[in-house]
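1. okay, sequence plus prediction incoming.
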Amino acid sequence: MSCGAWITVALCGLGSYLLGAVPFALLLGRLNGIDVRKIGSGNVGAMNLGRVLGRKWFFAVFGLDMVKGLVPSLVAGWVISTEGSAVTRDLCRLVVGVLAVVGHNYPIYIGFKGGKGVSTSLGVALGVYPEFTLPGLICFFVWAGGLGLTRMSSVGSMAGAVAFPILFVAWSRWRGELLADRWPFLAFSMGIAVMVLWRHRANIARIAAGMETRVG
């Protein structure tokens with residue numbers, strides 16, 4: 001890729017981080033007179049806000065957080081659509097998208113204490129690899145199933161994250177794609193699974209101790 005293209009990718013990455021850092025759960029909570037950091041788990045995420053304000057607010061924040069990952073990935077793909085190889089373009093879009101996830105998890109606007117990155121990661125996946133829409137929906141249902149069975153959002157999130165790379169491999173093989181041609185996305189899916197598990201390490205400890213917060 002040209003020097004100008006790399007500069008463009010870097011600027012997209014900066015914009016992606018700043019967009020990802022917008023704490024929609026906190027902003028929508030304040031519109032309703034609450035600070036999401038002082039309720040429930042204290043997490044700046046969709047589920048924590050939904051616990052107090054209801055299902056529609058969960059879906060509102062989930063959708064907005066997903067868009068934070070989707071838009072930068074699409075923009076990065078558009079601005080470098082004629083640059084480098086397909087693998088290089090995938091890698092650049094993923095790096096830009098991952099910076100949105102980093103922004104969501106460590107937002108500069110509120111002291112680098114953000115959410116867990118699940119919905120934003122899903123947005124990145126759909127922006128970089130739109131063919132993953134169906135497996136992405138399956139990940140969502142895995143999350144919903146884990147939540148429904150245990151009434152623990154953390155269990156659902158971790159189950160969906162672990163299912164992510166497994167479904168990607170299965171989907172790619174079913175489509176007849178070579179994983180070697182999609183290695184950036186495979187690395188991304190595995191990295192997201194590890195990141196989500198790491199971000200939930202306190203939840204894992206509470207689950208083991210029988211003290212995890214349950215929805216409802």
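-> Thanks, I have the structure now.
2. quick one: distance of stretch 142-157 to the chain centre.
-> 16 Å (CA atoms, centre = their mean, to the nearest Å).
3. repeat that for stretch 46-60.
-> Centre to centre, stretch against its chain (CA atoms, centre = their mean), the figure for stretch 46-60 is 17 Å.
4. can you show me the CA trace of it as PDB?
-> The C-alpha coordinates for stretch 46-60 follow below in PDB (Å, rounded to 0.1, in the frame of the first residue of the first chain):
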ATOM      1  CA  ALA A  46     -26.200  -2.500  27.400                       C
ATOM      2  CA  MET A  47     -27.100  -5.200  29.800                       C
ATOM      3  CA  ASN A  48     -26.400  -3.200  32.900                       C
ATOM      4  CA  LEU A  49     -28.500  -0.300  31.700                       C
ATOM      5  CA  GLY A  50     -31.200  -2.800  30.600                       C
ATOM      6  CA  ARG A  51     -31.400  -4.200  34.100                       C
ATOM      7  CA  VAL A  52     -32.800  -0.900  35.400                       C
ATOM      8  CA  LEU A  53     -34.500   0.800  32.400                       C
ATOM      9  CA  GLY A  54     -35.900  -2.300  30.600                       C
ATOM     10  CA  ARG A  55     -35.400  -4.300  27.500                       C
ATOM     11  CA  LYS A  56     -35.900  -1.500  25.000                       C
ATOM     12  CA  TRP A  57     -32.900   0.400  26.400                       C
ATOM     13  CA  PHE A  58     -30.800  -2.700  26.300                       C
ATOM     14  CA  PHE A  59     -31.500  -3.100  22.600                       C
ATOM     15  CA  ALA A  60     -30.900   0.600  22.000                       C
END
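5. and the helix ranked longest in the chain, which residues are buried?
-> Counting by DSSP state H, the longest helix found in the chain is helix 55-79. Neighbour-count burial for helix 55-79, with 16 or more other CB atoms under 10 Å as criterion, is recorded at 57-58, 60-62, 64-77, 79. All C-beta atoms are positioned from the backbone trio N, CA, C, and that covers glycine.
6. next secondary structure after that helix?
-> Downstream of helix 55-79, the first helix or strand assigned by DSSP states H and E is helix 86-105.
7. work out for me the element the residue nearest to Val79 when sequence neighbours are not counted sits within.
-> Nearest non-adjacent residue to Val79, counting by CB to CB, 6 or more residues apart in numbering: Thr8, 5.3 Å away. Secondary structure assigned from DSSP H and E places Thr8 in helix 3-20.
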